[in-house]
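Chemist: only geometry, no sequence info:
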């Protein structure tokens, strides 16, 4: 970095929830801060689309659970209320050509399958308790756990029935946007430990899908950005980050550099190399921490007609591109919104077809599960996070074998004057909005202490 007086104390790269949280804390501590955001909007992987005057559908991260205390505290501070995810009525399971309606958490499956699921959950959570969430690479036996895939564990003793394995496979496509073959067993265990277990990760009542934010989760970002004012610079992609022990110079494509004493990089790990950081941090974080692939599909109807049929809107299916559905209607219940997730290999396959063909396939899934009325929505919206340039995937990272043991130490550890934020760097609720908030708070505290 060239010598001279810094233009500001701190630069935050990325105006997602993590970056904006970091900036808020820095400004509150009297640290002069500038936020650079490549997109023309704030929010990162939080995104809302209006479907009626004053009513939105969320196409990015949206749920919070009762143990996600950091994002709950932020929402409360910003005056953003919550409402429960609609969960009344029967859920639906489509598996191996058989459709089952059920209430509660566990579908009506054969006793061998139920026992298999229970035993696998016990084994996974017992293994996960050995993982230190701040340093998964230091887990006893980390190399062996990180050297095999989750799929290998499921096939070789984790689960004995194909039905149980397929249920977890479908769930994985939504949780990580990846199939069990795509990620290491250690990563799956870290994720469970980070969330506090499998039930908190998957459940609606009392789990990660318990509540939604009134007006949509993107309100967190837009409200933070409004408070920060002109400190947030939109449409400002970063192409270079040069650093010395004295500070950083962050440049754009036109060669204009902004200098600061410290920087907080709050972009997904797999996009770090695109920032042109020099000298380059050790390790291969960008290569070893790729994102999953997820398409969120929303069909809008005059009313949530499935509720009158005694259905919750939740369905798990192995029959089509849509693996999981939810009732995503506004708080008042109208219009009705069915939300479908297409993840992992299905997202890669269906992401390459024409939008009209993908829409037809998604609505065919909805109609098969919820009846012919679902085939004719008033509106249809979707977001393929794999095509979002400044996200490059979603909903979060899906670390392949050897990723944690080879590059884990570089994920969150500060490097010179550079500090890292982003939900993937969190030890608690990594991959969720709560992890984004806590990571921003951690990075800001470190910068404040260093200054």
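Modeler: Sure thing, it's come through. This is a predicted model, so every value here is computed, not measured.

Chemist: give me the nearest residue to the spatially most central residue of the chain, chain neighbours excluded.
Modeler: Centroid-nearest residue in the chain, with CA atoms, centre = their mean: residue 395, separated by 3.6 Å. Once flanking residues are discounted, residue 395 sits nearest to residue 294: 5.2 Å by CB to CB, 6 or more residues apart in numbering. (Each C-beta comes from the backbone N, C-alpha and C, glycine too.)

Chemist: any idea how far residue 246 is from the one you found?
Modeler: Per CB to CB, to the nearest Å, residue 294 is found 41 Å from residue 246.

Chemist: just want to know which of those two has more residues nearby.
Modeler: Set residue 294 next to residue 246 and count neighbours by other CB atoms under 10 Å: residue 294 wins out with 28 against 13.

Chemist: quick check on the more buried one: phi, psi?
Modeler: phi -140, psi 140 (degrees, to the nearest 10).

Chemist: which ones are touching it?
Modeler: Listed by CB atoms under 8 Å, 6 or more residues apart in numbering, the contact partners of residue 294 are 174, 177, 341-343, 347, 384-386, 393-395.

Chemist: among those residues, which are located in helices?
Modeler: 174, 347 (DSSP state H).

Chemist: give me the number of neighbouring residues for residue 285.
Modeler: What residue 285 shows, counting by other CB under 10 Å, is a neighbour count of 23.

Chemist: got it, and residue 68?
Modeler: Using other CB under 10 Å as the criterion, the residues surrounding residue 68 number 24.

Chemist: list the contacts for it?
Modeler: So residue 68 contacts 208, 429, 432-434 (CB under 8 Å, 6+ apart).

Chemist: and if you look at residue 392?
Modeler: Residue 392 neighbours (CB under 8 Å, 6+ apart): 268, 270-271, 291, 386.

Chemist: with adjacent residues omitted, what lies nearest to residue 362?
Modeler: residue 297 (4.7 Å).

Chemist: quick one: the residue nearest to residue 395 from residue 173, how far?
Modeler: For residue 294, the distance to residue 173 - CB to CB - is 8 Å.

Chemist: who touches both of these two?
Modeler: 341-343, 347.

Chemist: dump these into a markdown table; add neighbour count, pLDDT and distance to residue 284 as well.
Modeler: Below are the shared contacts of residue 294 and residue 173 laid out as a markdown table (neighbours: other CB atoms under 10 Å; pLDDT from 0 to 100; distance: CB to CB, whole Å):
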| residue | neighbour count | pLDDT | distance to residue 284 |
| --- | --- | --- | --- |
| 341 | 23 | 97 | 30 |
| 342 | 30 | 97 | 29 |
| 343 | 30 | 96 | 25 |
| 347 | 26 | 96 | 25 |
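
Chemist: between these, which sits nearest residue 60?
Modeler: residue 341 (12.1 Å; CB to CB).

Chemist: where does pLDDT dip in this protein?
Modeler: Along the chain, the parts satisfying pLDDT under 70 run over 1-4, 105.

Chemist: mind redoing it with 50?
Modeler: 1-2 (pLDDT under 50).

Chemist: could you list the buried residues of the helix or strand harbouring residue 219?
Modeler: Assessed by DSSP states H and E, residue 219 sits inside helix 218-228. For helix 218-228, burial by neighbour count (16 or more other CB atoms under 10 Å) applies to 218-225, 228.

Chemist: residue 410 contacts residue 281, doesn't it?
Modeler: Yes - using CB atoms under 8 Å, residue 410 is in contact with residue 281, at 5.8 Å.

Chemist: can I get the contacts of residue 392 in a markdown table with distance to residue 134 and secondary structure?
Modeler: Output for the contacts of residue 392, formatted as a markdown table (distance: CB to CB, whole Å; DSSP: H, G, I helix; E, B strand; the rest coil):
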| residue | distance to residue 134 | secondary structure |
| --- | --- | --- |
| 268 | 20 | coil |
| 270 | 21 | helix |
| 271 | 23 | helix |
| 291 | 22 | strand |
| 386 | 29 | helix |
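
Chemist: report the two of those separated the most.
Modeler: 271 and 386 (12.9 Å).

Chemist: can you spell out the domain ranges of this structure, please?
Modeler: Following automatic domain parsing, one gets these domains for the chain: 8-44+218-290+401-450, 84-105+203-212+292-395, 114-169+178-195.

Chemist: now the strands for the stretch 101-250 of the chain?
Modeler: 211-213, 232-233, 240-244, 247-251 (DSSP state E, counting those that start in this stretch).

Chemist: nearest to residue 43, of those strands?
Modeler: Among those, if distance is taken as CB to CB, the winner is strand 232-233, at 11.4 Å.

Chemist: helices and strands around the closest one, which ones?
Modeler: Counting contacts by 3 or more CB pairs under 8 Å, 6 or more residues apart in numbering; DSSP states H and E, strand 232-233 is packed against strand 33-36.
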